[in-house]
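Peer 1: Here is a sequence together with a model predicted from it:
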Amino acid sequence: MKVVILGVSGYTGQVLAQLVLRHPGLELTGVHGHDSAGESLGSIVPGSEPRFGGIIEPIGSDLGDAEVVLLALPHGVSQMLAPKLLDEGRIVVDLGADFRFADEADYEFWYRSHHQSPELLKRRIYGLVEVTRQDLPAARLIAVPGCYVTAASLGLWPLVVRSLISDDLVIVDGYSGVSGAGKSPKASTHFVSVNENLSAYGLLDHRHTGEMEMNLGRRVLFTPHLAPISRGILATSYALPDQVKTPIMGDELLELYRGVYADSPFVRVTEQPPGTRQVQGTNFIAIHPVYDPRTNRYVVISAIDNLVKGAAGQAIQALNVSQGWPEELGLDQIGVWP
Ligand SMILES: NC(=O)C1=CN([C@@H]2O[C@H](COP(=O)(O)OP(=O)(O)OC[C@H]3O[C@@H](n4cnc5c(N)ncnc54)[C@H](OP(=O)(O)O)[C@@H]3O)[C@@H](O)[C@H]2O)C=CC1
Ligand SMILES: CC(=O)N[C@@H](CCC(=O)OP(=O)(O)O)C(=O)O
C-alpha cells in the first residue's frame with residue numbers, strides 16, 4: 001500500500017519513516033513537514049537515502065495516490081485535515097490526540113478546545129490493539145492512544161477484565177523520556193532543566209488521565225514525571241486496599257496476565273520489574289504485576305518505548321490488523337542494548 005507521512009520531521013514522524021521503509025506491505029510515496037519542507041528525508045532520518053530519495057514537501061501539498069496517510073502532527077491539526085482525506089477514500093492513522101475520545105465533551109474537557117470535526121469521533125476506531133483488536137479490521141480512521149495511556153492501560157487491563165479490582169480509583173505514576181515532549185525546544189525540556197533532574201508535572205489534570213479513565217472504566221489519579229532519558233516510559237500503577245476484590249499472588253498472577261495476553265505478540269509479562277532499556281527501539285510492552293499481601297495492594301510496572309509502542313509502532317500494528325496482515329509485520333526490529 002502506498003503511504004505518506006505528514007509530520008515526518010517530528011520525533012514520532014521520524015520513527016514512522018524508519019518503520020514504513022522496512023515494512024514489506026508498505027511503500028513510502030511522500031513525506032511532508034512544516035518548517036522542514038525542502039529538506040531531504042536523509043537529513044533527518046540517517047540511512048534512509050537509499051530507500052527514499054524524495055524531499056520533504058509542505059503540509060497541504062498533493063498526496064498523489066497514497067492509500068494511507070499517517071498523521072504525526074501537533075494537537076488540533078489532524079481534525080482539520082481528516083475529513084478531506086477520508087472523503088478522498090484514504091485510510092487515516094492519527095498519532096495525535098484529536099480522535100482518541102469517542103465523546104466530544106470528553107475531548108473538550110481534557111483538551112480545553114472545541115473539536116472541529118466532531119462527527120468523526122463516532123467513526124474512529126481506537127487503536128489500543130491488545131484491547132480493541134476485534135474493532136480494527138477495515139477501519140478507515142484509527143486513533144493511536146497516548147503514550148502514558150498505552151503503558152498504564154495495558155498494565156492494568158488484566159486486573160480490570162478479570163474483575164480482580166473494583167470499579168473505583170486506580171493510581172498511576174508515569175515517567176517519560178524527554179522525546180515525549182516533541183522536538184520543539186522549551187525551557188522545561190532544555191538540557192539544563194532535565195539533566196540530573198527528575199520532576200513531576202501536569203498534576204491532577206494531565207490530559208492522559210481522561211483517556212486512561214475511558215479505557216479502564218474507573219477514576220484515575222495520574223502523576224506524570226519527566227525523566228532525564230531520551231526515550232522510554234515507565235508506569236507504576238496501583239490498586240489500593242479498598243479496590244482489591246480478589247488477591248492473586250506470585251506466579252499465579254503472572255500466568256493470569258499471560259493468559260489475558262496469550263494472543264498479543266508484543267506483550268511480555270516479565271518475572272522481574274522491567275526498565276525502559278529492555279524495550280527501547282521495539283514495539284514491546286514489558287509488564288510485571290505483583291500483589292502485596294502486607295498492604296493489600298496490586299502494583300504493576302510497565303515499560304514501553306514512547307516513540308514505538310507509544311506512537312509509531314502501535315500505529316503500524318493497528319494498520320496491520322486493519323488490513324488483515326500479521327500483527328507483527330514490519331515490526332520485528334531488535335532492541336537497542338547495551
Ligand atoms: N513524542 C511522543 O512520545 C508522542 C507523541 N504523540 C503525538 O504525536 C504527534 C506528533 O508528536 P511529535 O512527533 O512528538 O511532535 P514533534 O513536535 O516532534 O513534531 C511535530 C511535527 O509536526 C509538524 N508541524 C509543526 N507545526 C505544524 C503545523 N502548524 N501544521 C502542520 N504541521 C506542523 C512539524 O514539522 P516541522 O518540523 O517541519 O516544522 C513536525 O513534523 C503529536 O500529536 C503528539 O502528541 C503521541 C505519542 C507519543
Ligand atoms: C514528556 C512529555 O511532555 N510528554 C507528553 C505526553 C506525550 C505525548 O506526546 O502524548 P500525546 O500524544 O497525548 O501528546 C506530555 O506530557 O504532554
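Peer 2: Arrived safely. Residues are numbered from 1 along each chain as shown. Ligands and ions are numbered 1, 2, ... in the order given.
Peer 1: Quickly run through the sheet partners of the host helix or strand of Y291, with directions.
Peer 2: Secondary-structure element containing Y291, defined by DSSP states H and E: strand 285-292. With DSSP bridges as the test, strand 285-292 is paired with strand 267-269 (parallel), strand 297-304 (antiparallel).
Peer 1: what's the closest of these to V260?
Peer 2: Closest to V260 of the strands paired with strand 285-292 is strand 267-269 (C-beta to C-beta; 8.6 Å). Bear in mind the C-beta positions are built from the backbone N, C-alpha and C, glycine included.
Peer 1: so for the closest one, what's the average pLDDT?
Peer 2: The average of the pLDDT scores along strand 267-269 is 98.
Peer 1: Please compute how far it lies from its chain's middle.
Peer 2: Centroid displacement of strand 267-269 relative to its chain, using C-alpha atoms, centre = their mean, to the nearest Å, is 16 Å.
Peer 1: List of residues touching it?
Peer 2: With contact meaning C-beta atoms under 8 Å, 6 or more residues apart in numbering, strand 267-269 is reached by 130, 154, 254, 257-258, 261, 274, 284-289.
Peer 1: So which residues of the stretch 201-338 of the chain form helices?
Peer 2: In the stretch 201-338 of the chain, the helices defined using DSSP state H, counting those that start in this stretch lie at 208-216, 250-260, 313-322.
Peer 1: Show me what the first one is packed against.
Peer 2: What it means is helix 208-216. On a contact count with 3 or more C-beta pairs under 8 Å, 6 or more residues apart in numbering; DSSP states H and E, helix 208-216 meets helix 104-111, helix 147-161, strand 170-176, strand 220-226.
Peer 1: Out of those, indicate the one that is most buried.
Peer 2: Each of the helices and strands packed on helix 208-216 was scored by mean neighbour count; the highest is helix 147-161, a mean of 26, by mean count of other C-beta atoms under 10 Å.
Peer 1: pull the CA atoms of it into CSV?
Peer 2: The C-alpha trace of helix 147-161 is given here as CSV (Å, rounded to 0.1, in the frame of the first residue of the first chain):
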residue,chain,number,x,y,z
CYS,A,147,2.0,7.0,25.2
TYR,A,148,1.4,7.1,29.0
VAL,A,149,-2.1,5.8,28.3
THR,A,150,-0.7,2.7,26.5
ALA,A,151,1.7,1.8,29.3
ALA,A,152,-0.8,2.2,32.1
SER,A,153,-3.9,0.8,30.4
LEU,A,154,-2.2,-2.4,29.2
GLY,A,155,-0.6,-2.8,32.6
LEU,A,156,-3.9,-2.6,34.5
TRP,A,157,-6.2,-4.2,31.8
PRO,A,158,-5.9,-7.8,33.1
LEU,A,159,-7.0,-6.7,36.6
VAL,A,160,-10.0,-5.0,35.1
VAL,A,161,-11.1,-7.6,32.6
